[in-house]
Structures are given as C-alpha cells and as structure tokens.
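**Student:** the sequence isn't on hand, but the structure is:
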Ligand code: PGA
C-alpha cells in the first residue's frame, strides 16, 4: 500500500475533541474532501475511544485510521494500556509510534523499538516519529536522530520496512504557527539525511520508504514544504482539528503531485 505515489497526510488529533459528537462532526467535515481526492491518502488518528465508530462509518479507500499509541505486550495485566491487536480490531491500520509528546512522558528508545516490533507483528503500518528538540552548531542532533532511527528499526526486516513511514518532527517546530515550522530547504537536507541512514541499512528497499514532515504544518506553508522540502506528506496536529483548514492542506497535497 505504501508504494503508492499518493501523498500521505496524517491527522494527529492528540487528546481532542472532547466528545464523540464533536469527533463525528470533525470527521464528517474532513471526509467531504478527503474521500474525493485521488492523489492523497488521508490517515485519521483520533483518540482510541473514537476509533471503532469512525472507522466503521467509512468504507472507501482514500481514508484510513490510525491509533496514537500502543503498548508492546500482546495481552495481560497492563492496566490502562491498549495492544496492537486491540487497535487493529477497532479499525486502525496505522499507529503512531514514538511521538515526541509520548517521549516527553518517559517513553525511551527501547520502548519505541518494542512498540515498532509489536505493531509490525500485528501487520499494522508504523508511523515512526523522530525529531530533535534543538539544533547545535556541531551537528550533534544528527547523531541523536540517527540513534532514534537505528534503535527503533533494530532487527526490522526489509520486508517490514514497506509498512513503515518515517515522520520527521523537530520538537522545536511542533504546536507553533506556520512561521515557526522548518524551512523547505532545511527540511530537504533532513530528508536526505534520513534517507541516507535508511539506505545504509536497507539498500534499495529504503528508496520508497515515505518520509513525511510534522511540526506546524498549515495551509500557508504546505505547498513549499512538499515541493521544496521533497517530503511524501505531512503529520498534522493543530491544523487537523479544523475541518476547513485541514481540507485546504489536503487539497494542496492533492495538487502538488508526488515525484
Ligand atoms: P502540530 O503538531 O501540527 O500542532 O505542530 C504536529 C504533531 O505533534 O504531530
């Protein structure tokens, strides 16, 4: 599925909206546009409580659903956790792993690795989030990113890389305004760096691995980031909570065809 040349635009609703009614209206608003776009695969990652209802309501191919997190154990006494199997059963085909907001709550590279393995074992697609919190002149952040990437993919086979999306989300750019996002040129450098790390490990298999960007994507900066940043798509936070704004981003992605 990921070999498609479609753009990938992911809505990360985080802990929003507060009621199922509001989740329903937000999804209905997004669906009007998302269901019609030929060149965009939209992936909605709602809070887990809304996953089953929303995914049950849509039968088309242009929209898929994802969870925002999973636990790595298959089942058992893990109060409050949700397994890969459970989110799969609730309609998720994708899962965000290693989002910076989860890492800020204590998730380690090892936890991320265990979650990647659990998700792939359940035949889910992994959206692996990596990103530095700040940049330094000597380029230590590149080592940091390499470590996040290599540790999460440790032991992951080339065949499973086809079910992996890399979301580059510099923490300094998350949750701000479009003006604080990365510049397209800097983004392109990061895409090349990430691609190189992947190719070192997976050779040709990694050429098609989608690398997407997240961090204050809005309709104003979407086109430049796609075209000059040379990313496969976006992971969108706050702008995905407004159906009109998110639909504008989807339309821009649809018109800015992937290479
Ligand atoms: P943002 O969030 O678009 O609000 O910056 C992105 C994310 O955290 O995935």
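**Tutor:** Perfect, I can see it now. A quick note: this is a predicted structure, and the numbers were derived from the prediction, not measured.
**Student:** which residue is the nearest non-sequential neighbour of residue 193?
**Tutor:** Nearest residue to residue 193, sequence neighbours excluded (Cβ to Cβ, 6 or more residues apart in numbering): residue 142, at 6.3 Å. The way it works is simple: take the backbone N, C-alpha and C, and place the C-beta from them, glycine included.
**Student:** ok, now which ones touch residue 60?
**Tutor:** residue 35 (Cβ atoms under 8 Å, 6 or more residues apart in numbering).
**Student:** coming back round to it: any buried residues in the helix or strand encompassing the residue nearest to residue 193, and which?
**Tutor:** Here residue 142 sits within helix 140-152, counting by DSSP states H and E. Across helix 140-152, burial judged by 16 or more other Cβ atoms under 10 Å covers 141, 142, 144, 145, 146, 148, 149, 151, 152.
**Student:** and for stretch 127-143?
**Tutor:** By neighbour count on 16+ other Cβ under 10 Å, the buried set for stretch 127-143 is 127, 128, 129, 130, 131, 132, 141, 142.
**Student:** can you give the contact residues for stretch 32-39?
**Tutor:** Contacts for stretch 32-39 (Cβ under 8 Å, 6+ apart): 5-7, 40, 42, 58, 60, 62-63, 243, 247, 250-251, 253-254, 257-258.
**Student:** tell me, which of these make contact with the ligand?
**Tutor:** Contacts with the ligand are made by none of the contacts of stretch 32-39, judged by Cβ under 6 Å from any ligand atom.
**Student:** circling back: with the buried residues of stretch 127-143 in mind, which one is nearest to residue 173?
**Tutor:** Proximity of the buried residues of stretch 127-143 to residue 173, judged by Cβ to Cβ, is greatest for residue 131, which lies at 8.2 Å.
**Student:** how close does the closest residue to that closest one other than its chain neighbours sit to residue 37?
**Tutor:** Residue nearest to residue 131 in three dimensions, not counting chain neighbours: residue 169, with 4.1 Å by Cβ to Cβ, 6+ apart. Distance of residue 169 to residue 37, computed by Cβ to Cβ, to the nearest Å: 23 Å.
**Student:** one more: residue 235?
**Tutor:** In this view, residue 235 and residue 37 are 17 Å apart by Cβ to Cβ.
**Student:** so between the two, which is more surrounded?
**Tutor:** residue 235 (27 against 20; other Cβ atoms under 10 Å).
**Student:** residue 222 against residue 247, yeah?
**Tutor:** No. Assessed by Cβ atoms under 8 Å, residue 222 is found out of contact with residue 247, at 11.6 Å.
**Student:** name the residue in the two with the higher neighbour count.
**Tutor:** The neighbour count for residue 222 versus residue 247, taken as other Cβ under 10 Å, is higher for residue 222 (26 against 19).
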